[in-house]
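> Generate a structure from the sequence data that follows.
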Amino acid sequence: MTNVVSSPHLDTRQGILWMLSAMMMFTGTNALAKLLMGHYPVMQVVWARYFFQFLLLVIFIGPRLPRVMVTSKLKIQLLRSLLLFGTSVMFFFGLSQLALADISAIMFVAPILVTALSMPVLGEHVGFRRWAGIVVGFMGALIIIRPGFGVMQSAALFPLGAACLYALYQISTRFIGRTDAAMTTLLYTASSGTLVTTALVGFYWQMPDATDWLMMAGLGVTSNLGHFSMIKAYQAAPAATVAPFSYVNLLWATMFGFILFSDLPDLWTISGALVIVASGLYIFHRENRRGDKEKPSEPPVESPT
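Sure thing, here's the model as predicted:
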């Protein structure tokens with residue numbers, strides 16, 4: 001997770017508002033993508049997400065581009081970019097088959113996976129209470145997916161895979177979080193994704209009309225606004241204050257899903273989501289209780305979308 005330096009003048013209210021805005025922008029990206037995938041191949045929509053994000057970043061950075069591209073750990077930047085690209089592809093495939101609220105709830109397993117993987121990958125100590133939170137979180141995911149019942153379990157493999165890759169992506173950022181700026185990270189992930197999808201999109205290309213071009217450009221706008229808002233949130237207030245508000249994503253996803261697709265989560269999804277949120281908040285609480293003994297991981301400034 002890319003390191004974000006907090007402002008010396010913290011404003012809790014502003015931080016919360018920025019986080020709420022970030023979650024709304026990311027959900028807006030998902031909603032636009034789901035609308036587009038009703039008419040275009042998934043890979044073309046993934047290309048649009050990366051291409052327009054990259055284009056807008058280049059315009060914003062301007063002549064500072066060569067300086068922003070400088071990194072001391074190129075291999076790790078490229079690995080992170082590849083992990084996020086894989087996350088995006090699997091997430092979008094899942095999004096094409098599942099309701100917004102369902103896939104958002106399943107993706108909240110990612111922070112729990114970060115804690116589970118931090119011991120074997122980073123050698124960090126994970127105590128009994130946090131392991132209990134991890135187990136409860138996975139139980140919440142099973143409540144949503146309901147293996148052996150209905151048809152959701154096959155489609156749910158995509159967001160589960162995305163959550164696993166995203167957890168590895170978040171862990172990999174700890175190796176460069178203190179050396180590269182947030183804008184450098186955004187630029188590498190956007191440019192890498194653009195290069196890979198541009199090489200592949202020709203096999204799937206369907207010519208969009210003017211309205212769909214605008215919607216595709218909107219993917220880049222909402223994605224960049226979401227990243228910017230999340231960075232501002234962590235600059236304005238402590239992570240312990242604003243991070244729990246990322247769970248409002250479920251509310252935005254439910255609202256967008258109902259308005260645009262007439263989808264509402266069923267009782268199983270709501271119950272499982274509540275279990276995942278509760279376990280995630282408990283793990284986050286235990287992370288912060290470690291205090292100075294073991295510094296909690298920095299908050300993420302990038303979304304899989």
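> all contacts plus neighbour counts: C-alpha atoms, from now on.
Fine.
> distance between the host helix or strand of residue 28 and the chain's centre?
In the assignment (DSSP states H and E), residue 28 maps to helix 12-36. Counting by C-alpha atoms, centre = their mean, to the nearest Å, helix 12-36 is centred 11 Å from the centre of its parent chain.
> in it, what counts as buried?
12, 14-36 (16 or more other C-alpha atoms under 10 Å).
> which ones are touching the residue nearest to residue 38 when sequence neighbours are not counted?
Leaving aside its sequence neighbours, residue 38 sits nearest to residue 96 (C-alpha to C-alpha, 6 or more residues apart in numbering; 7.6 Å). Shown in contact with residue 96 (C-alpha atoms under 8 Å, 6 or more residues apart in numbering): 34, 37, 38, 42.
> Of those, which one scores lowest on pLDDT?
Of all the contacts of residue 96, residue 38 carries the smallest pLDDT score, 91.
> Let's verify that one: helix, strand, or coil?
The three-state label given to residue 38 by DSSP: H, G, I helix; E, B strand; the rest coil is coil.
> rewinding a little: name the helices or strands packed onto the first helix or strand past the helix holding residue 28 going along the chain?
Using DSSP H and E, the next helix or strand after helix 12-36 towards the C-terminus is helix 42-61. When contacts are defined as 3 or more C-alpha pairs under 8 Å, 6 or more residues apart in numbering; DSSP states H and E, helix 42-61 packs onto helix 74-95, helix 182-201, helix 210-236.
> for the protein, what are the low-confidence residue spans?
Low-confidence segments of the chain (pLDDT under 70): 1-10, 120-125, 146-153, 177-178, 239-240, 287-304.
> returning to what we had before: among the contacts of residue 96, name the buried ones.
Among the contacts of residue 96, those scoring as buried are 34, 37, 42 (criterion: 16+ other C-alpha under 10 Å).
> ok, residue 114 touching residue 172?
No: Residue 114 lies out of contact with residue 172 (C-alpha atoms under 8 Å); the separation is 10.3 Å.
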